[in-house]
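Q: this is the structure alone, sequence omitted:
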């Protein structure tokens, strides 16, 4: 089997695993918890995992000539999932009892590992595109906007650290730290690519010559 096909299949398997975990977790929350579909946009975990699913699917079908938007989607999704994992295990895990521990582990850790390894080890290697760094803030900005709108309408917040009782300053500080951590992770993921071979790892493994004009080509 060609290595490119193996890579695509691995990405699709990863997307399937995350999708199954997300579906089972949503079913459990809808059936046995207080979760409603209207609350879905308020939880960053499903949004980050959906971004990861889309990134893996897009990367699986574009082939080795990866467009800039796919690269941005991949690194941003990896960033979101790493932040989700850090926030969950540091702030939220003591207050949760998941019905499906394996699905919870995938959504709050496994998906981050899959997307991070995919970004660092698979596909065409490019020099960092620092002008795209700001795109990592797109989804969080939309998420915060939704939360502010919901808070004004019915006072609902999805996470304890967003509880209005903590005060505006404490909430702002917490969100600020999360944003800074996210930017640092996004920058690190982009920087690490610069230390990888400029040739695609799949090309190195198969011995295929680098196309003339590509980065690192003679």
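A: Right, received. Where do you want to start? Predicted model only: the values in this text are computed from it and were never measured.
Q: three-state assignment of the closest residue to residue 79 other than its chain neighbours?
A: The shortest distance from residue 79 to any non-neighbouring residue, by CB to CB, 6 or more residues apart in numbering, is to residue 186 (4.4 Å). Any C-beta I mention is one placed from the backbone N, CA and C, and that applies to glycine too. Under DSSP: H, G, I helix; E, B strand; the rest coil, residue 186 falls in the helix class.
Q: and the longest helix that the chain contains, what does it pack onto?
A: Assignment by DSSP state H gives helix 3-32 as the longest helix of the chain. Counting contacts by 3 or more CB pairs under 8 Å, 6 or more residues apart in numbering; DSSP states H and E, helix 3-32 packs against helix 44-62, helix 101-105, helix 111-121, helix 201-206.
Q: output the ones you listed as a markdown table; include the columns distance to residue 140, mean neighbour count and mean pLDDT.
A: Below are these laid out as a markdown table (distance: least, CB to CB, whole Å; neighbours: other CB atoms under 10 Å; pLDDT from 0 to 100):
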| stretch | distance to residue 140 | mean neighbour count | mean pLDDT |
| --- | --- | --- | --- |
| helix 44-62 | 8 | 21 | 96 |
| helix 101-105 | 22 | 16 | 95 |
| helix 111-121 | 16 | 21 | 93 |
| helix 201-206 | 30 | 14 | 47 |
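Q: re earlier: buried sites along the longest helix of the chain?
A: Buried residues in helix 3-32, counting neighbours by 16 or more other CB atoms under 10 Å, are found at 3-4, 7-8, 10-11, 14-15, 17-19, 21-22, 24-26, 28-29.
Q: over to stretch 163-178?
A: Result for stretch 163-178 [16+ other CB under 10 Å]: buried residues 171, 174, 178.
Q: of the residues you listed, which is the nearest to residue 55?
A: Set against residue 55, the nearest of the buried residues of stretch 163-178 by CB to CB is residue 178 (20.5 Å).
Q: now the helix or strand where that closest one lies: average pLDDT?
A: In this assignment (DSSP states H and E), residue 178 forms part of helix 168-194. Per-region confidence: helix 168-194 scores 90 on mean pLDDT.
Q: got it, and stretch 136-154?
A: 89.
Q: and that stretch, how far from the chain's centre?
A: 18 Å (CA atoms, centre = their mean, to the nearest Å).
Q: noted, bye for now.
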